[in-house]
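Q: Sequence and predicted structure, then a few things I'm wondering about:
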Amino acid sequence: MIVEKINIDQQLITILEQVSDPEIPVLSILEMGIVHSAIIEDNEVIVKITPTYSGCPAMDIIGDDIVDAFKNSGYKAKVELVLSPAWTTDWITEKGRQALEDYGIAPPLDAEADKEVLIGNKRLVKCTLCGSTNTRLVSQFGSTACKALFKCEVCLEPFDYFKCLK
Amino acid sequence: MKKDLYKYILGIADNTLILGQRLGELCGHGPSLETDIACTNISLDLFGQTRNYYQYAAQIKGGNTTEDDIAFLRKEREYLNVLLVEQLNTDFAYVMVRQFLFDVYHLLFLRELQKSHDVRLSAIANKAVKEVGYHYRFSSDWIKRLGDGTEESHQRTQNAIDDLWTYTNELFHQTDTDKSMIQEGIGVDTLKLKEEYYKRVSEILQKATLQIPESKWFQKGGKEGIHTEHLGFLLADLQYMQRTYPNMEW
């Protein structure tokens, strides 16, 4: 599942770990898998990030946050957006998936299972509160572009599910 | 060639901009909270795709052109979207039928655009096609629910199909720009998608117990900049801030 990563200078990792998606603050952009590369060239850090969704409004903010984080550590940084290869939910790390669940967002299932739950055929998404898989899709589109809205039939709580994007 | 590519990109991006704007009009006005959020989520995807295209187009045009200039400062006749996407949100059936008729096309189109010799267009398509898969699933589900729903939802959906059908053929109309881009291996030969399009649409309509219109008369013009009366009003809304306060930023 986890992608063989990537072109990131070791010394930059601790700085990148400080930057998170403003919608999902528990997840660093590294765990999210959106950092394509980060290298130092002519005294400037060049970070390439790949958007989760084309219209994700968090991308502009993440870009600014990266520049700020490097500035605080004494680096000058430039952020570039790369579209290809396109981001997939497979790039979220294991640690990232766990962080999502702890935060109340069910992590993405594999593509086949995802399709089954989103057309309402099967109940596979685990409630982030009580752990039951007796959960029901309320809406394919949730609070942000990357999430669907679910409800647990056991504890009756609503929760988000991070949709599989592949 | 450069001019053709610029125009070709606008032809793709204006579709997603105008449809995104129409869906955005539903923000706070959807028939239920979930559909409201869904429609605006789809709108956001479409705007994101539009930005990717316009940023590329602005680069091709050069000078000081920005994506915002292209989005907000053209005249009505310079917009090259198909007529289908500018049609009104008459009722929820219209919103979903318009979406469905476009999504089927959009999905087939993007799959082919991924093979474009233009690396950047191919990358944008590669990203967008994943999002549009969700749009298609959403709209085709609603077509089945509405068509095979109550007597009233069935009738309203049939009315929307009958009205909007006349705009479907334009999706496959090829302008001189399209033809030259197809020759370059950059553009998508939409004529090759036509059969598959009507086949897929018909399958879903049949499942939804809806009649496939028999009319063979189709409307076109949007791709040449000749629009229905609705686009001007939409643009008045869309462009208001930039026209009133030039160069304003959030």
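A: Everything's here; your move. Residues are numbered from 1 along each chain as shown, chains lettered A, B, ... in the order given.
Q: When you work out contacts or count neighbours from here on, use the C-alpha atoms and nothing else.
A: Will do.
Q: tell me, what residue is most central in chain A?
A: Residue closest to the average C-alpha location in chain A (CA atoms, centre = their mean): residue A:32, at 3.8 Å.
Q: Tell me the spacing between the closest residue to that residue other than its chain neighbours and chain B.
A: Distance criterion CA to CA, 6 or more residues apart in numbering or on different chains; nearest residue to residue A:32, sequence neighbours excluded, is residue A:92 at 4.7 Å. For residue A:92, the distance to chain B (CA to the nearest CA, to the nearest Å) stands at 17 Å.
Q: that older thread, so for the residue nearest to the centre of chain A, what's the pLDDT?
A: Note on residue A:32: pLDDT of 93.
Q: Does whatever residue of chain B ends up closest to chain A belong to a helix, a strand or coil?
A: As assessed by CA to the nearest CA, chain A sits closest to residue B:48 within chain B, at 3.4 Å. Under DSSP: H, G, I helix; E, B strand; the rest coil, residue B:48 falls in the helix class.
Q: For it, give me its contacts.
A: Taking CA atoms under 8 Å, 6 or more residues apart in numbering or on different chains as the criterion, residue B:48 is in contact with A:53-56.
Q: can you redo those residues as CSV with distance to residue A:104, neighbour count and secondary structure?
A: Output for those, formatted as CSV (distance: CA to CA, whole Å; neighbours: other CA atoms under 10 Å in any protein chain shown; DSSP: H, G, I helix; E, B strand; the rest coil):
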residue, distance to residue A:104, neighbour count, secondary structure
A:53, 21, 25, coil
A:54, 24, 24, coil
A:55, 23, 23, coil
A:56, 20, 17, coil
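Q: what subset of those residues is also close to chain B?
A: The residues of these that also fall near chain B, by CA under 8 Å from any CA of the partner chain, are A:53-56.
Q: follow-up on the earlier one: ok, the residue of chain B closest to chain A to residue B:128 distance?
A: Using CA to CA, to the nearest Å, residue B:48 is found at 9 Å from residue B:128.
Q: can you give me the strands for chain A?
A: Using DSSP state E, the strands assigned to chain A run over residues A:7-8, A:20-21, A:24-28, A:35-41, A:44-49, A:76-81, A:105-106, A:135-139, A:147-152, A:158-162.
Q: At the contact with chain A, which residues of chain B appear?
A: B:34-35, B:37-38, B:41-42, B:44-49, B:52, B:123-124, B:126-128, B:130-131, B:138.
Q: among those residues, which are in helices?
A: Taking DSSP state H, the ones among the residues of chain B next to chain A that sit in helices are B:34-35, B:37-38, B:41-42, B:44-49, B:52, B:123-124, B:126-128, B:130-131, B:138.
Q: quick one: contacts for the closest residue to residue B:77 other than its chain neighbours?
A: Closest residue in space to residue B:77, ignoring its immediate chain neighbours: residue B:225 at 4.4 Å, by CA to CA, 6+ apart. Residue B:225 sits next to B:76-81 when contact means CA under 8 Å, 6+ apart.
Q: among those, which ones are buried?
A: Burial by neighbour count, judged by 16 or more other CA atoms under 10 Å in any protein chain shown, picks out B:76, B:78-81 from the contacts of residue B:225.
Q: Considering those residues, which is situated nearest to residue B:28?
A: Distance to residue B:28, by CA to CA, is smallest for residue B:81 among these, at 25.6 Å.
Q: From residue B:218, how far out is the closest one?
A: 16 Å.
Q: Also residue B:102?
A: The gap separating residue B:102 from residue B:218 is 15 Å, by CA to CA.
Q: and what of residue A:8?
A: As defined by CA to CA, residue A:8 lies at a distance of 54 Å from residue B:218.
Q: can you check residue A:159 too?
A: 46 Å.
Q: Show me which positions of stretch B:208-219 end up buried.
A: So, applying 16+ other CA under 10 Å, buried residues of stretch B:208-219: B:208-210, B:212, B:219.
Q: err, stretch B:167-182, not the other one
A: Here stretch B:167-182 shows B:167-172, B:174, B:177-182 as buried, counting by 16+ other CA under 10 Å.
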